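Asker: need coordinates for the below:
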Amino acid sequence: MRAAHIKMTVATVFLGSYLVASKVILREVPVFTATFVRLVSASLVLAVYVALKPPGRVHPGRRDSTVLLAQALLGVFAFSVFAMYGVKFTGAIEAGVILGMVPISVSLVALVLLKESISSRRGGGIALAVLGALSINVMSARTSAGSPGSHLALGTLLLVCAVLCEAVFMTFGKLLTKPIPPAALSLILSAVGALVFAVPTAIEFDWGMITHISWQTWALMIYTGVAVNGVAAVLMYDSLDTVDTAVAAAFTALTPVIGAVLSIVFLGERLHPYHLTGMALVGIGVFVVATGPNGSDGSQKRVPRRRTLGEPVPAAKRR
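Answerer: Prediction:
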């Protein structure tokens, strides 16, 4: 059990570094190009991992192929675009807090799309997390009011869209008729995502830009693919073999905290008291939702493991 906790902690550190790395990358590389490089890097490392630990033959039927395509479009393409542009227009601290609310949004999407019931405990947790995120962004808006180039409201809206895409992605995973091994699923979605990003990247890319991209930025793009979309996903999946998904969900509440610390150290962002208050509210809200009983009958239902590409969330993800 302790080994699983260590794995989840390491995975959370990688996930928390994603927004900080993205903030630095976007100073030199446009969104589609940066995401394409990340997904290609993730696909390569996952392909090696799958080759070393073959999951067996995976043959998704027509229905599952449709679900996987929808997951790739929402959870990989739309999520990446919304998240990257959202990070570009906000601070990494604010972005981390908003994206740390994915477990909250999963409950809301399940309520709307899957008609799942929501307990008063979960409702209270959702209210706390939303209050925390709103307080941070309202105070940040006041602090940055009048600052040139400030687009906090737009960035916040984009990040909320990213959270919703991630939540829909995860709930769609329940529609798969046959389980797909996590590493193989991540490989499929990373590869499909890279193909989807290939066209806009070709339109956006300027060959003259290559000479102006520093080696540090290239290293960060590869890092986000290998560490975040590759290693972190595998570590979280391996942990879910021995711990309940609710425990993994609680660990992801650390993501915005780690992101805030890294933002202060590497980006020079200032941590204000309202950041601490907001993060505490979000962390408590996520913990309440993640550790509460699922369903109106009070029983604990395991959520099928699934991993998203990118950014941060338990409950079985993708990217």
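Asker: can you tell me how far the residue nearest to Pro200 when sequence neighbours are not counted is from Ala198?
Answerer: Here the nearest residue to Pro200 in space, its sequence neighbours aside, is Phe32; by Cβ to Cβ, 6 or more residues apart in numbering that works out to 4.4 Å. Every residue, glycine included, has its C-beta placed from N, CA and C. Computed as Cβ to Cβ, to the nearest Å, the Phe32 to Ala198 distance reads 9 Å.
Asker: and the residue at the greatest distance from the centre of the chain, its phi and psi?
Answerer: Most distant residue from the mean C-alpha position of the chain: Gly208, 31.4 Å away (Cα atoms, centre = their mean). As for Gly208, its main-chain torsions (degrees, to the nearest 10) stand at phi -70, psi -20.
Asker: repeat for Leu26
Answerer: Backbone torsions of Leu26, given as degrees, to the nearest 10, read phi -70, psi -10.
Asker: going forward, the N-terminal residue is numbered 15.
Answerer: Taking 15 as the first residue, the last one we looked at is Leu40.
Asker: need the nearest residue in space to Gly30, chain neighbours excluded.
Answerer: Going by Cβ to Cβ, 6+ apart, Gly30 has Ile272 as its nearest residue, at 3.1 Å.
Asker: check the burial of the one you found by counting its neighbours.
Answerer: Per other Cβ atoms under 10 Å, the neighbour tally for Ile272 reads 21.
Asker: give me the mean pLDDT for the helix or strand harbouring it.
Answerer: Assigned by DSSP states H and E, Ile272 belongs to helix 268-276. In this model, helix 268-276 has a mean pLDDT of 76.
Asker: could I get that helix in PDB with only the CA atoms?
Answerer: The C-alpha trace of helix 268-276 is given here as PDB (Å, rounded to 0.1, in the frame of the first residue of the first chain):
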ATOM      1  CA  LEU A 268      -2.300  17.800  -4.200                       C
ATOM      2  CA  THR A 269      -1.900  18.800  -7.900                       C
ATOM      3  CA  PRO A 270      -2.800  22.500  -7.600                       C
ATOM      4  CA  VAL A 271      -0.700  22.800  -4.400                       C
ATOM      5  CA  ILE A 272       2.400  21.300  -6.200                       C
ATOM      6  CA  GLY A 273       1.600  23.500  -9.200                       C
ATOM      7  CA  ALA A 274       1.500  26.600  -7.000                       C
ATOM      8  CA  VAL A 275       4.900  25.700  -5.400                       C
ATOM      9  CA  LEU A 276       6.500  25.100  -8.800                       C
END
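Asker: and that helix, how far from the chain's centre?
Answerer: 13 Å (Cα atoms, centre = their mean, to the nearest Å).
Asker: which strands or helices does that helix pack on?
Answerer: helix 16-39, helix 106-113, helix 287-305 (3 or more Cβ pairs under 8 Å, 6 or more residues apart in numbering; DSSP states H and E).
Asker: now do the last one against helix 268-276, angle only.
Answerer: Helix 287-305 runs at 160 degrees relative to helix 268-276, counting by axes from the mean of the first three to the mean of the last three Cα atoms, to 10 degrees.
Asker: what do you get for the shortest one?
Answerer: For the pair helix 106-113 and helix 268-276, the angle between their directions (the same axes, to 10 degrees) equals 180 degrees.
Asker: list the contacts for the residue nearest to Cys175 when sequence neighbours are not counted?
Answerer: Spatial nearest neighbour of Cys175, excluding adjacent residues (Cβ to Cβ, 6+ apart): Phe96 at 4.4 Å. Each residue near Phe96 by Cβ atoms under 8 Å, 6 or more residues apart in numbering is listed here: Leu172, Leu173, Cys175, Ala176, Cys179.
Asker: which element is Phe96 on?
Answerer: Using DSSP H and E, Phe96 falls in helix 93-103.
Asker: that helix - what's its average pLDDT?
Answerer: 87.
Asker: what of stretch 74-88?
Answerer: 84.
Asker: and that stretch, how far out from the chain's middle?
Answerer: For stretch 74-88, the distance to the chain centre is 19 Å (Cα atoms, centre = their mean).
Asker: measure how far stretch 104-120 is from the centre of its chain, please.
Answerer: 9 Å.
Asker: now the angle between helix 16-39 and the helix holding Phe96, please.
Answerer: Going by the same axes, to 10 degrees, helix 93-103 makes 60 degrees with helix 16-39.
Asker: what about helix 93-103, distance to the chain center?
Answerer: 11 Å.
Asker: output that helix as PDB, nothing but the C-alphas.
Answerer: What follows is helix 93-103, C-alpha atoms only, in PDB (Å, rounded to 0.1, in the frame of the first residue of the first chain):
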ATOM      1  CA  PHE A  93      -8.900  19.400 -23.600                       C
ATOM      2  CA  SER A  94      -5.400  20.300 -24.800                       C
ATOM      3  CA  VAL A  95      -6.500  23.300 -26.800                       C
ATOM      4  CA  PHE A  96      -8.600  24.700 -24.000                       C
ATOM      5  CA  ALA A  97      -6.000  23.900 -21.300                       C
ATOM      6  CA  MET A  98      -3.100  25.400 -23.200                       C
ATOM      7  CA  TYR A  99      -4.800  28.600 -24.200                       C
ATOM      8  CA  GLY A 100      -6.300  28.800 -20.700                       C
ATOM      9  CA  VAL A 101      -2.800  28.600 -19.100                       C
ATOM     10  CA  LYS A 102      -1.600  31.200 -21.600                       C
ATOM     11  CA  PHE A 103      -4.200  33.700 -20.400                       C
END
